[in-house]
Every structure is written in C-alpha cells, then in structure tokens.
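Peer 1: Below are the sequence and a predicted model; questions follow.
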Amino acid sequence: MSTLLAFHGVTGARGGRTLFEGLSFALRAGEAALVTGPNGVGKSSLIRIAAGLLAPAAGSVETGAPRALMAEAPALDQARSLGDALAFWAALDAVPDASTRVEEALAATSLTPIADVPVRLLSTGQRRRAALARVVASRASVWLLDEPANGLDMASVIALETLMAQHRADGGAVLLATHLPVALPGAQTIVLAP
Ligand SMILES: Nc1ncnc2c1ncn2[C@@H]1O[C@H](COP(=O)(O)OP(=O)(O)OP(=O)(O)O)[C@@H](O)[C@H]1O
C-alpha cells in the first residue's frame, strides 16, 4: 500500500530552539496518528511541517497525496456567507463537482441551516465545524487537523470522530494534534515531550 504521508527523521525547530528531533512515522490508506503533549511542545509546528508551511530543520517529509489543513487560525473569509466561503475554497482547491461537495460537507458538519449566514457571525464551535467542512469538501486524502475539537460541544466531537472514521474507511489518512480527548481508533500515538 502506498504511503500518503511520511516523516523521515524530521527535526522541528522554532526561533532557533529544537522542539523535537529525528521523528519518523508513515501514514497509509486508512491510518491515523495522534499527536499529544503539553502546551508549547510543538504539536502545531509538527502539523505545519506536515502541511509544508514550515520547513523541517532536518530530515524530510514524503507526501504521496493531496493534504488539507485545519489549523487554529480562521481559514474562511469573514465577509462571505458560509456557503460562499466554502465554495471559494473549493474552487481554489480545484475540487471536482464543487457545489455538490460543498453541500455534502455542510450537511456532514450539520451546518446546512446556516449556509447563508456570514462567517463573521458564526459562533466559536460553528467556526470550527466550518473549518472542518472546508477539509471535508477539499477531497484531500490526508487530513491535517490541529486541535479540531477546540470549542466543539460533545455532539460535534462525536460528529468529528464519525467523519474521520468515514474518511479512513474511504482510504484517507488523518494526522491529528489535540490536548482534548478525541477517539481515533487504532491510531499511532506521537507523544511530544518538553
Ligand atoms: N513563529 C514562531 N517563532 C518562534 N517561535 C515560535 C513561533 N511559533 C511558535 N513558536 C514557539 O514554538 C513552540 C511550539 O509551539 P507550537 O504552537 O508548535 O506548540 P503546541 O504544542 O501546538 O502548543 P499548544 O498546545 O499551546 O497549541 C512554542 O514555544 C512557541 O512559543
């Protein structure tokens, strides 16, 4: 089975300080990895390296499939309606059948009833679900999720877990950093220590 994402001896550093060293792991279809560790240890930095937004200080990242990132920063245009903002990103991501895919992503995240609401008016949890909808709509095989459960109520965490399970069953892979409990059955665990 082909590798969708792999770290080969990756060292992560920020501001001249080494956060983690020589990290290796691989994700194939259906697989997942859970990144845990205390605040400031380098979880977000690891996700950013996986996304190609931050260069490793040493080692290399192998990417065998498109990646979609759900980061902590808001990803959607505040002035657009939620539906339009997602359609904008789907067009940028060159998603085939973009409008159908956006509708499906809105439904999968229970956001269909507020598709016409401007992004700036969404609640914290709705914003997180909207960021997840963008990942769902992207059709990328590799989901890179940085603290996706932040601000989610219990039902939304369960919906997130269900979406990740479906994505893996469909041959996707998930790399998830979290300090909150999120069920990711059979995932490898990457524990970062200060
Ligand atoms: N742009 C930057 N320049 C210099 N240092 C940075 C930069 N961004 C983050 N850092 C530092 O790198 C370290 C790791 O940050 P990172 O956000 O990866 O940690 P984290 O494990 O995700 O933390 P949290 O659980 O609080 O989200 C922190 O000490 C942080 O201050």
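Peer 2: Here it is on my side, so go on. If you're wondering where the values come from, they're calculated on a predicted model, not measured in any experiment.
Peer 1: who does the residue nearest the centre of the chain bridge with?
Peer 2: The residue lying closest to the centre of the chain (C-alpha atoms, centre = their mean) is L145, at 2.4 Å. Counting by DSSP bridges, L145 is bridged to M70, L176.
Peer 1: how close does it get to L175?
Peer 2: 7 Å (C-beta to C-beta, to the nearest Å). All C-beta spots, glycine's among them, are computed from the backbone N, C-alpha and C.
Peer 1: got it, and T109?
Peer 2: Remark: distance between T109 and L175 (C-beta to C-beta) = 19 Å.
Peer 1: Between those two, tell me which one has more neighbours.
Peer 2: The residue with more neighbours, out of T109 and L175, is L175; 29 against 24, by other C-beta atoms under 10 Å.
Peer 1: Report pLDDT for that one.
Peer 2: At L175, the pLDDT value in this model is 98.
Peer 1: Please list all residues in contact with the residue nearest to the centre of the chain.
Peer 2: Counting by C-beta atoms under 8 Å, 6 or more residues apart in numbering, L145 makes contact with I47, M70, L132, V135, M164, V174, L175, L176, A177, T178.
Peer 1: which one of those is nearest the ligand?
Peer 2: Of all the contacts of L145, A177 has the smallest distance to the ligand: 6.3 Å, by C-beta to the nearest ligand atom.
Peer 1: anything in contact with each of L145 and L175?
Peer 2: Residues touching both L145 and L175 (C-beta under 8 Å, 6+ apart): I47.
Peer 1: For burial, what's the neighbour tally of L184?
Peer 2: The burial count for L184: 20, using other C-beta under 10 Å.
Peer 1: and it, what is it in contact with?
Peer 2: Listed by C-beta under 8 Å, 6+ apart, the contact set of L184 reads A32, L34, E161, M164, V174, L176.
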